[in-house]
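Student: model the following, please.
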Amino acid sequence: MKTNKSGYLLGVIATIVVLLWIGILKFTPSEAKAIQPLVANSWLMSWLYQIFSVQMTSVLIGIFEIVTALLLIASFWNAKAGRIAGILTIIIFASTLSFLISTPGTWKMLDGVPVTDFFLVKDLAFLAIGIQVLNQSGAEKI
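Tutor: Coordinates of the predicted model:
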């Protein structure tokens, strides 16, 4: 179906744009400081601060995001790049979604309804794209 292919293409391109954008932003002191509470409380990433500074940790995360975006671009032509990109995309967005559990104060009640920092919830869609890229690239060959 043509809609299926265009939906996939749009989803991957959107993920590429977001990863490049936030990856580049990770090189700035403002973003390094902004992600510090998330990373510091993460059971997956907090160890980075034992080895690297706040800024260097942010830069390393940014490099990981930019490399993933470049592999997503390559995935349009190369299945192996797609498999790697799919796995890295899943790692990135599963990690950021874990902040919903690991970061104190992320969940609040608003008029009796639980709410959170919604910028994290959007990562569910990007996680789905990572799974799609992995499937599209022939994940059964892994």
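Student: residues of stretch 72-83 that come out buried?
Tutor: 72-73, 75, 81-83 (16 or more other C-beta atoms under 10 Å). Using the backbone N, CA and C atoms, a C-beta is placed for each residue, glycine as well.
Student: mind checking the end-to-end distance for it?
Tutor: Using C-alpha to C-alpha, to the nearest Å, one end of stretch 72-83 lies 9 Å from the other.
Student: what does that stretch contact?
Tutor: 12, 15-16, 19, 71, 85-86, 89, 133-134, 136-139, 141-142 (C-beta atoms under 8 Å, 6 or more residues apart in numbering).
Student: Leu19 contacts Val67, correct?
Tutor: No. In this structure Leu19 lies outside contact range of Val67 using C-beta atoms under 8 Å: 9.1 Å.
Student: more crowded one of the two?
Tutor: Leu19 (26 against 15; other C-beta atoms under 10 Å).
Student: secondary structure of the more buried one: a helix, I assume?
Tutor: Yes. Under DSSP: H, G, I helix; E, B strand; the rest coil, Leu19 sits within a helix.
Student: next SSE downstream of the lowest-mean-pLDDT helix or strand in the chain?
Tutor: Across the helices and strands of the chain, mean pLDDT, DSSP states H and E gives its lowest value to helix 118-121, namely a mean of 73. The C-terminal neighbour of helix 118-121 among helices and strands, as given by DSSP states H and E, is helix 123-136.
Student: model confidence over that following helix, on average?
Tutor: Mean pLDDT, computed over helix 123-136, is 93.
Student: derive a PyMOL selection command for the buried subset of the contacts of stretch 72-83.
Tutor: Per 16+ other C-beta under 10 Å, the buried members of these correspond to this PyMOL selection:
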select buried, resi 12+15+16+19+71+85+86+89+133+134+136+137
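Student: farthest pair in the contacts of stretch 72-83?
Tutor: By the measure C-beta to C-beta, Leu19 and Lys141 form the most distant pair in these, at 23.8 Å.
Student: got any ranges where this protein has weak pLDDT?
Tutor: 1-4, 117-119, 139-142 (pLDDT under 70).
Student: tally of neighbours for Ala14?
Tutor: Neighbours of Ala14 (other C-beta under 10 Å): 13.
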